[in-house]
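Trainee: take a look and give me a structure for this.
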Amino acid sequence: MTTHSFALHIPDAELEPDPLDPEQIVSGTPEVTGKVVWESADGRQIRGIWQITPGVVTDTEADELFVVVSGSATIEVEGGAAFTVGPGDMAVLRAGDRTTWTVHETLRKAYAISL
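Mentor: Below is the predicted model:
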């Protein structure tokens with residue numbers, strides 16, 4: 001993690017295992033990796049890279065903006081919309097959204113989370 005301005009080539013970034021809670025897995029054997037590249041001093045702003053392999057998982061979201069770099073997934077928001085994202089797509093998730101992610105092909109995204 002860095003404390004100064006920087007650039008990073010997302011497709012080649014080395015990620016570290018970030019195991020899912022088994023209760024989040026609906027089907028398949030999805031595996032998550034990620035890397036926090038910047039975090040504010042108070043821990044309320046986080047920037048990073050996240051990747052998930054195919055499968056279906058549930059999550060409760062933070063306030064997040066992300067851009068998909070590779071792969072695709074359909075995200076269903078409980079009581080709301082369902083949308084499919086792929087390379088170049090930007091999405092916004094609201095804090096508290098309960099989601100189901102159906103990952104069609106390994107998805108890598110760059111994200112900014114506000115807590």
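
Trainee: from here on, contacts and neighbour counts on C-alpha atoms
Mentor: Fine.

Trainee: any idea where the strands of the protein begin and end?
Mentor: 16-17, 25-27, 32-39, 45-52, 55-60, 63-77, 82-85, 90-93, 98-114 (DSSP state E).

Trainee: would a markdown table of these with mean neighbour count, distance to residue 10 and mean pLDDT be doable?
Mentor: Shown next, in a markdown table, are the strands of the chain (neighbours: other CA atoms under 10 Å; distance: least, CA to CA, whole Å; pLDDT from 0 to 100):
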| stretch | mean neighbour count | distance to residue 10 | mean pLDDT |
| --- | --- | --- | --- |
| strand 16-17 | 12 | 14 | 98 |
| strand 25-27 | 15 | 26 | 98 |
| strand 32-39 | 18 | 10 | 97 |
| strand 45-52 | 20 | 7 | 98 |
| strand 55-60 | 19 | 22 | 98 |
| strand 63-77 | 19 | 7 | 98 |
| strand 82-85 | 15 | 17 | 98 |
| strand 90-93 | 15 | 15 | 98 |
| strand 98-114 | 20 | 7 | 98 |
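
Trainee: how about residue 44: what's its closest non-neighbour residue?
Mentor: With CA to CA, 6 or more residues apart in numbering as the criterion, residue 44 has its nearest non-adjacent residue at 4.7 Å, and that residue is residue 115.

Trainee: who touches the closest residue to residue 67 other than its chain neighbours in this structure?
Mentor: Excluding its sequence neighbours, the residue lying closest to residue 67 (CA to CA, 6+ apart) is residue 90, at 4.3 Å. By CA atoms under 8 Å, 6 or more residues apart in numbering, the contact list for residue 90 reads 65-68.

Trainee: if you set the cut-off to 7 Å instead, what comes out?
Mentor: 66-68 (CA atoms under 7 Å, 6 or more residues apart in numbering).

Trainee: do you know how far the residue positioned nearest the centre of the chain is from residue 80?
Mentor: Nearest to the mean C-alpha position of the chain, counting by CA atoms, centre = their mean, stands residue 50 at 4.8 Å. From residue 50 over to residue 80 the distance is 24 Å, taken as CA to CA, to the nearest Å.
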